[in-house]
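> prediction below, plus the sequence it came from.
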Amino acid sequence: MNKPVMNKPAMNGSAATEPVAGGPAVPAGNEPVVSLDRVHVVHTARSGGLIRRDRVHALTDATVSVGRGEILGVVGESGCGKSTLAKVVVGLQPPSSGTVRFRGDDLWSLPAKARRESFGSAVAMVFQDASTALNPRLPIRRILRDPLDVHGRGTVRQREERVRELLGLVGLPGHVADALPGGLSGGQRQRVAVARALALEPDVIVADEPTSALDVSVRAQVLNLLVDLRARLGLGLVFISHDIQTVRYLADRIAVMYLGRVVEEGPAAEVAGAARHPYTRALFSAAPSLLGGSERIVLTGPVPSATHPPSGCPFRTRCWKATEECAAEFPAAGFPHAVQAGPDSRHSWHCIHPETPA
Ligand SMILES: Nc1ncnc2c1ncn2[C@@H]1O[C@H](COP(=O)(O)OP(=O)(O)OP(=O)(O)O)[C@@H](O)[C@H]1O
């Protein structure tokens, strides 16, 4: 059955210039909407001519979840698997093994049609660069109507009404519907991309570097818009960024990724302010908080290859605390050192020589 087009109140985009960390509309700790349970993604890549094929471990044993009204920030250096995680969360990338659950159902055991119909509208993605993600030949009206047409939502009139609502939701005036993407500013285009992601009333939005292609002056406005929408619509948001400072500010929870693994995950204040994994500590030491912080830790050398990751803890080759034990085994879930800090905080880290919080 088609989901009706709902009337939601229009709102103005925030005009603030500094990002704000709004309180979640739904208390954190609610039932997850999307959850990944021990998900692996392995790509096969050609190397050394046509014959040799390497296995690229893009995501290894990832267990994370996001609930309504919750912002999960995902950080890590380039190539650590953040975009792969994003694609798994939106259902664009099937896991090689492990389970992706949507409201408790095993997504990839559903027939393809059912999966597209339920999950395809419940989780949406905002890409980094709206200027390439939006068809330059289509007016904004058509771009926003497209998901409604594809999913057969409402009557033609209701769809037109929904286009107006969507523009209002992201703080754009109605006449933008007639413009082409090229006639809009970068910030306006990214608002249109957010509006399109909202078209089918998703429960979760995944935003992969949503502001990195924008001028600094409009970044905060787009971030504020996402936070505002989370609060008003109770959206879950997976926010992927290299901008550690912004993630620390916006996220309720933070997942830290290294070479395809989530090495630490927990409440933002704990992960950013009292990191337990040495990699997390190094990452956040590069973005000291206004309250002060520890000395800067400079990591040397590149992230190792995802084709031949080091045995045991993948960070050990760059870690100042590494011992022989670290090469033996990754301290995975259930390992005594993958500690849960408490039933409410759900803070876990995967290290046998964790940092001691101050
Ligand atoms: N389709 C693919 N085929 C082969 N390898 C891939 C594919 N997609 C990703 N990878 C590899 O998987 C690893 C993780 O990539 P991913 O894009 O998820 O990292 P990332 O953290 O998002 O990086 P960035 O911050 O640079 O976007 C990398 O080693 C990458 O080269």
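Done, it's in.

> and the helices in the stretch 251-358 of the chain?
268-273, 278-285 (DSSP state H, counting those that start in this stretch).

> I'd like to know which elements the last one is packed against.
Spelled out, that is helix 278-285. helix 244-250, strand 253-258, strand 261-267, helix 268-273 (3 or more C-beta pairs under 8 Å, 6 or more residues apart in numbering; DSSP states H and E). (C-beta placed from N, C-alpha, C; glycine too.)

> just name the most buried of those.
Compared across the helices and strands packed on helix 278-285, strand 253-258 shows the largest average neighbour count, a mean of 27 (mean count of other C-beta atoms under 10 Å).

> show me the one of the helices of the stretch 251-358 of the chain that comes nearest C326.
helix 278-285 (10.3 Å; C-beta to C-beta).

> list the contacts of that closest one.
75-77, 244, 248, 256, 258, 263-264, 271-272, 275, 293-299, 315, 318-321, 349, 351, 353-355 (C-beta atoms under 8 Å, 6 or more residues apart in numbering).

> that older thread, could you dump the helices and strands packed on helix 278-285 into CSV with mean pLDDT and distance to N224 added?
Shown next, in CSV, are the helices and strands packed on helix 278-285 (pLDDT from 0 to 100; distance: least, C-beta to C-beta, whole Å):
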stretch, mean pLDDT, distance to N224
helix 244-250, 91, 10
strand 253-258, 96, 19
strand 261-267, 93, 22
helix 268-273, 91, 17
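
> returning to that earlier point: list buried residues within the contacts of helix 278-285.
Among the contacts of helix 278-285, those scoring as buried are 75-76, 244, 248, 256, 258, 263-264, 271-272, 275, 299, 315, 318-319, 349, 351, 353-355 (criterion: 16 or more other C-beta atoms under 10 Å).

> picking up where we left off before, distance to G120 added to the helices of the stretch 251-358 of the chain, as TSV?
TSV is the format used below for these (distance: least, C-beta to C-beta, whole Å):
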stretch	distance to G120
helix 268-273	29
helix 278-285	33
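
> could these go into JSON lines alongside distance to the ligand?
Formatted as JSON lines, the helices of the stretch 251-358 of the chain follow (distance: least, C-beta to the nearest ligand atom, whole Å):
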{"stretch": "helix 268-273", "distance to the ligand": "17"}
{"stretch": "helix 278-285", "distance to the ligand": "13"}
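
> closest to H43 out of these?
Using C-beta to C-beta, the nearest of the helices of the stretch 251-358 of the chain to H43 is helix 278-285, at 22.9 Å.

> and that closest one with strand 261-267, angle?
60 degrees (axes from the mean of the first three to the mean of the last three C-alpha atoms, to 10 degrees).

> take the helices and strands packed on helix 278-285 and lay them out in JSON lines including distance to G152.
Formatted as JSON lines, the helices and strands packed on helix 278-285 follow (distance: least, C-beta to C-beta, whole Å):
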{"stretch": "helix 244-250", "distance to G152": "35"}
{"stretch": "strand 253-258", "distance to G152": "35"}
{"stretch": "strand 261-267", "distance to G152": "37"}
{"stretch": "helix 268-273", "distance to G152": "39"}
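
> which residues touch the residue of the stretch 201-350 of the chain found nearest the ligand?
The nearest approach of the stretch 201-350 of the chain to the ligand comes at A306, 3.6 Å away (C-beta to the nearest ligand atom). For A306, the contacting residues are 56-58, 79, 81, 259-260, by C-beta under 8 Å, 6+ apart.

> for stretch 120-128, the distance to its chain's centre please.
Offset of stretch 120-128 from its chain centre (C-alpha atoms, centre = their mean, to the nearest Å): 10 Å.

> and it, end to end?
19 Å (C-alpha to C-alpha, to the nearest Å).

> which residues sit against that stretch?
3, 33-34, 86, 89-92, 102, 133, 147, 151, 190, 193-194, 196-210, 212-213.
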